[in-house]
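# please work out how this folds:
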Amino acid sequence: MEHEHSFLWNSGDTLILLLAGIIWTGYFMAGIVSNRHRSLQKWPRYRYVLWTAGILCAGATVVGPLPKLAHHDFTLHMAGHLLWGMLAPLLIVLAAPITLMLRTLPVSMGRRLSRLLQLTYFHWVIHPVMAALLNTGGLWLLYTTDLFMLMHKKVWINLLIHFHVFMAGFVFTMSFIYIEPVSRRYSFKYRAIVLVTALAGHGILSKYLYAHPPAGIEKTDAETGSMLMYYGGDVIDALLIIVFCYQWYQAARPRVYENFPSQQKEAKTT
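This next block holds a predicted model:
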């Protein structure tokens, strides 16, 4: 099995780098095309930076020394979890790739994509509660069952778990900060309650792993990794909360009128 994993990470590095390069370049090309068609609404430059940072975070988790060392080091495994399952999805959602795609595609293809995103399946997956269960609940299932041990023995399980962790983090972020188009929007209060509960579940899991390490993990390594999961997760969660609260503030603040004195006068006369 060690040879199988070594083959996966060594022989696959070039393919992963090529795929990441294509995805990264595709975003920039889409931005250029979008700007040509929308001269008055240029795609923000900071989104290119967020996209690049997100791709780099994701790439560092699956290419290079980190995935090889994380196979034997629980602390580095948790570092990979923070990058792959939390920070990269947050940065990529803030880069709004789906919105950019809708701006770039021809009208007919854009409408097809919009109809696809409005399917009942996506409506349920993007629901805050379901997204929290897939994300935080999935982590509980991974670290408190034999899945954690199996992912280090079977390549296909490893790939499947990596795919789930990233997509769950992406959907989780999408369901709480509405930057990308969603089929149904829920109130800030409702999302805030679910978000706090989900983040608490993540924190409790890190404390549980501190006291009850996964099978095959030494106690000292589990303690260090759990602390990284707890405090590192708090930092990324704080970024998510800041964006969420900023959106809430923007939605709740009073509108500022350009001609306030004249409108105030009209209000008095009425």
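# any idea how far R184 lies from N135?
As for R184, its distance to N135 is 19 Å (criterion: Cβ to Cβ, to the nearest Å). For the C-beta atoms, the positions are set from N, CA and C on the backbone; glycine is no exception.
# out of those two, which sits in the more crowded spot?
Using other Cβ atoms under 10 Å as the criterion, R184 and N135 rank with N135 on top: 25 against 9.
# contacting residues around the more buried one?
G85, A168, G169, V171, F172, A198 (Cβ atoms under 8 Å, 6 or more residues apart in numbering).
# repeat that with 6 Å
Residues counted as contacts of N135 (Cβ atoms under 6 Å, 6 or more residues apart in numbering) are A168, F172.
# same question for the one 3 residues further on.
G138 is in contact with A168, counting by Cβ under 6 Å, 6+ apart.
# ok, R253 to Q247 distance?
In terms of Cβ to Cβ, R253 sits 11 Å off from Q247.
# same check, this time on L18
Distance from L18 to Q247, by Cβ to Cβ: 36 Å.
# the stretch 51-200 of the chain: helices as residue ranges?
In the stretch 51-200 of the chain, helices defined by DSSP state H, counting those that start in this stretch lie at 65-70, 74-81, 88-95, 97-104, 107-117, 120-125, 128-132, 138-143, 147-150, 155-176, 188-211, listed in chain order.
# need these in TSV (columns: distance to I242).
Converted to TSV, those look like this (distance: least, Cβ to Cβ, whole Å):
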stretch	distance to I242
helix 65-70	27
helix 74-81	21
helix 88-95	11
helix 97-104	21
helix 107-117	26
helix 120-125	25
helix 128-132	18
helix 138-143	22
helix 147-150	31
helix 155-176	12
helix 188-211	12
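# comparing those helices, which comes out most buried?
helix 88-95 (a mean of 24; mean count of other Cβ atoms under 10 Å).
# higher neighbour count, R253 and Q247?
Q247 (16 against 8).
# give me the low-pLDDT residue ranges for this structure?
Within the chain, the ranges that satisfy pLDDT under 70 run 1-11, 38-40, 255-270.
# find the centremost residue of it, please.
By Cα atoms, centre = their mean, the chain has its centre lying nearest to P89, at 2.1 Å.
# now do the same contact list for that residue.
G169, F170, T173.
# output those as TSV; include the columns distance to H152.
As requested, the contacts of P89 are exported to TSV (distance: Cβ to Cβ, whole Å):
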residue	distance to H152
G169	21
F170	24
T173	27
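# tell me which of these is nearest to L116?
Set against L116, the nearest of these by Cβ to Cβ is F170 (16.4 Å).
# nearest spatial neighbour of that closest one, skipping sequence neighbours?
Distances taken as Cβ to Cβ, 6 or more residues apart in numbering place P89 nearest to F170, at 4.2 Å, with adjacent residues excluded.
# what's the single longest helix in this protein?
As assigned by DSSP state H, the longest helix anywhere in the chain is helix 2-37.
# helices or strands next to it in the packing?
helix 45-62, helix 97-104 (3 or more Cβ pairs under 6 Å, 6 or more residues apart in numbering; DSSP states H and E).
# what do you get if the cut-off is 8 Å, keeping everything else the same?
Secondary-structure packing of helix 2-37 (3 or more Cβ pairs under 8 Å, 6 or more residues apart in numbering; DSSP states H and E): helix 45-62, helix 65-70, helix 97-104, helix 155-176.
# who are the packing partners of the second one?
Using 3+ Cβ pairs under 8 Å, 6+ apart as the contact definition, the elements that helix 65-70 packs against are helix 2-37, helix 74-81.
# switch to 6 Å and redo it
With contacts taken as 3+ Cβ pairs under 6 Å, 6+ apart, helix 65-70 sits against helix 74-81.
# can you check the last one too?
Other helices and strands packing on helix 155-176, by 3+ Cβ pairs under 6 Å, 6+ apart, are helix 88-95, helix 128-132.
# now the ones you listed in CSV, with distance to L209?
Shown next, in CSV, are the helices and strands packed on helix 155-176 (distance: least, Cβ to Cβ, whole Å):
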stretch, distance to L209
helix 88-95, 21
helix 128-132, 19
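# so which of those helices gets nearest L228?
Across these, closest to L228 is helix 88-95 (Cβ to Cβ), at 16.4 Å.
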